[in-house]
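A.B. asks: Based on what follows, work out the 3D shape:
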Amino acid sequence: LNIRTACEAVAEFSEDFDDVTTPALPDCWTRILRGPSISNFANVNTVSFVTGSSEPNSVQLYNDNSTTTENDIVLVSPNLSTLASNSYRVKFFAFGQGSVQIVTLDSNTSEANYTVIADVPITSDIPQEFAVNFDTSTTDTYFGFRHNATGIFQSIYIDDVRYEVAPTCPDVTEIVSNGPSTTTTADIAWTAGGSETNWQYAITTDDNTDPDTVTPSEVLNDTSATITNLEPGTEYFVYVRSVCPNNDFGAWIGPFEFETQCIPAVYSEEEVEDFEGTTGTELPTCWTAELVSGDNNWEGLTPQFGDITTTHSGTRIAFKNYQNSTAYLYSRPYDFANITEETQLNVWLHRHNLADEADKYNIYVNTVPSIEGAELIFEQFSISSAEPTVPSTGFYNYIAPIPASVNGQSTVYFIIEGITTAGFSSYALGVDDFNVETVLGVDVPVNDTFKMAPNPANDLLQISASNAMQNVRVYNLIGQELIVKEVNATTTTIDVRSL
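C.D. replies: Purely as a prediction, here's the structure:
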């Protein structure tokens, strides 16, 4: 017979969750999982498979297919003797998807009643620190972290929780971008935590750096700042704290993550982007991804198993998984300021025999890293039976003429949109060997789009165009005409077996 006595109430505590064996919670911490449609797989457990703000453990709040509008998934603190004093706060690190509600509870049982104190949006996969004050009247003796999911199959991770006396110098509550960064500057802004009128920021390129070890900025009297003397194409992490009289400071809040813009590359000097030289899910330097809908963004991958098991060259590709999602892959910026000749995009895309008919690649060009105002220059469905058909699953070469309207522009971005909308019927998308190049000896109207596959071809080369082709001519590298075929159609097949 095991008997567990009740935990005594404590005045304050600090918990990093690292001294327990997963999935157990520390002594005196509890979980609440309840509701009319709560999943059997929803959980509140310690885990070690993600990197929190301290290692090895953090707490995962996972909703599986449960909505949190009618179900409760709550991590409950130890019993507290000071919650009713209105002078304490909780500081914690969190990361994941959705938001977390800070609540007070009248017990730690499944029958507990709770009151929402704050709703904290969680928008980063990197642990960020938050602080919430308990400054409203209550008789509750517990607080909790309630998963407030924006969808299903979402996780929030909590780490390094401190319950402490609220400082007399209030903490700032939010750090945001105050406009796009440049190659050497960034504008940030924050929200004052109270009546304080002075602040400082600290900036580092290492998210593991303790901001107390960084030389802070001069004292500022505005809730915004322009940070200068930065390096192009570099990821930075910035913290902000309030400054009060008598050498009193708020805590460092952050990090807020941003990246300076890259110096545009003159494409004639740029090698093929083969996505090598990265590890894990990293994309190449100056390449970025934006998730528009769903949960699967573009990322770097070394394909070994699953929907994509090969590359066109090397061992790495850009990859977007099959689950319902739309995502943009942004190239590094290119400098077309002195370009007058015709140019084209040369890229390898993965096609799959079993892909859904709606799985698709769209490629756009723009002078800013945004889909707004971008021009569509290429589109291709992934399924191998879509025109131009390909014989099997794998990577195939495609050419997209680049419109002359971007000539003379100092920054040009290419945006690859990946669309998978059929759930388990969709298949992953992949990109390899991306290159911008001059069109040599080929007259291609800039308002036309054509596709050819397979490339390389051993027997038959299939070509299609958005407008009717009058003829197709094949040249070798020294300009000799090898094949000429009259077409007057939007599709044709060229026999290259004699070459």
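
A.B. asks: Roughly how far does the residue lying closest to residue 228 once chain neighbours are set aside sit from residue 65?
C.D. replies: Nearest residue to residue 228, sequence neighbours excluded (C-beta to C-beta, 6 or more residues apart in numbering): residue 185, at 5.2 Å. Placement of C-beta: from N, CA and C, glycine included. Using C-beta to C-beta, to the nearest Å, we find residue 185 at a distance of 45 Å from residue 65.

A.B. asks: Now do the end-to-end distance for stretch 250-263.
C.D. replies: 37 Å (C-alpha to C-alpha, to the nearest Å).

A.B. asks: circling back: didn't the residue nearest to residue 228 look like it was pressed against residue 227?
C.D. replies: Yes: counting by C-beta atoms under 8 Å, residue 185 does reach residue 227; the two are 6.4 Å apart.

A.B. asks: Between the two, point out the one with more neighbours.
C.D. replies: The neighbour comparison of residue 185 against residue 227 (other C-beta atoms under 10 Å) goes to residue 227, with 18 against 14.

A.B. asks: residues in contact with the closest residue to that one other than its chain neighbours?
C.D. replies: Leaving aside its chain neighbours, residue 227 sits nearest to residue 186 (4.9 Å; criterion: C-beta to C-beta, 6+ apart). Neighbouring residues of residue 186 by C-beta atoms under 8 Å, 6 or more residues apart in numbering: 177, 226, 227, 230, 236, 238, 258, 260.

A.B. asks: Residue 245 too?
C.D. replies: So residue 245 contacts nothing (C-beta under 8 Å, 6+ apart).

A.B. asks: and it, how far is that from residue 219?
C.D. replies: 12 Å.

A.B. asks: And for residue 207?
C.D. replies: 25 Å.

A.B. asks: what about dumping the CA coordinates of stretch 57-75 to PDB?
C.D. replies: Provided in PDB are the C-alpha atoms of stretch 57-75 (Å, rounded to 0.1, in the frame of the first residue of the first chain):
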ATOM      1  CA  ASN A  57      14.000  18.100 -20.000                       C
ATOM      2  CA  SER A  58      11.000  20.400 -20.600                       C
ATOM      3  CA  VAL A  59       7.300  19.800 -20.200                       C
ATOM      4  CA  GLN A  60       5.200  19.100 -23.300                       C
ATOM      5  CA  LEU A  61       1.500  20.000 -23.400                       C
ATOM      6  CA  TYR A  62       0.100  18.100 -26.400                       C
ATOM      7  CA  ASN A  63      -3.500  18.200 -27.500                       C
ATOM      8  CA  ASP A  64      -3.500  15.400 -30.200                       C
ATOM      9  CA  ASN A  65      -6.800  15.800 -32.000                       C
ATOM     10  CA  SER A  66      -8.500  17.500 -29.000                       C
ATOM     11  CA  THR A  67      -9.700  21.100 -29.400                       C
ATOM     12  CA  THR A  68      -9.000  23.300 -26.400                       C
ATOM     13  CA  THR A  69     -12.300  25.200 -26.700                       C
ATOM     14  CA  GLU A  70     -14.000  22.400 -24.800                       C
ATOM     15  CA  ASN A  71     -11.200  20.400 -23.300                       C
ATOM     16  CA  ASP A  72      -8.500  21.400 -20.700                       C
ATOM     17  CA  ILE A  73      -4.900  20.400 -20.900                       C
ATOM     18  CA  VAL A  74      -3.100  22.000 -17.900                       C
ATOM     19  CA  LEU A  75       0.200  21.800 -16.100                       C
END
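
A.B. asks: Show me where the protein dips below the pLDDT cut-off.
C.D. replies: The model of the chain has pLDDT under 70 over residues 1-5, 267-270, 440-449, 475-481.

A.B. asks: Would you confirm that residue 314 contacts residue 273?
C.D. replies: No: contact criterion C-beta under 8 Å: residue 314 and residue 273 do not qualify, at 11.0 Å.

A.B. asks: got any residues that touch both of residue 245 and residue 219?
C.D. replies: Joint contacts of residue 245 and residue 219 (C-beta under 8 Å, 6+ apart) do not exist.

A.B. asks: Look up how far residue 129 lies from residue 474.
C.D. replies: Counting by C-beta to C-beta - residue 474 and residue 129 are separated by 61 Å.

A.B. asks: okay, these two: which has more neighbours?
C.D. replies: Using other C-beta under 10 Å as the criterion, residue 474 and residue 129 rank with residue 129 on top: 19 against 14.

A.B. asks: what sits against the more buried one?
C.D. replies: 53, 91, 92, 93, 251, 252, 253, 254.

A.B. asks: Quickly list what it is bridged to.
C.D. replies: residue 93 (DSSP bridges).

A.B. asks: Can you show me the strands along the stretch 351-499 of the chain?
C.D. replies: 360-366, 375-381, 394-402, 413-420, 429-438, 450-453, 460-475, 481-495 (DSSP state E, counting those that start in this stretch).
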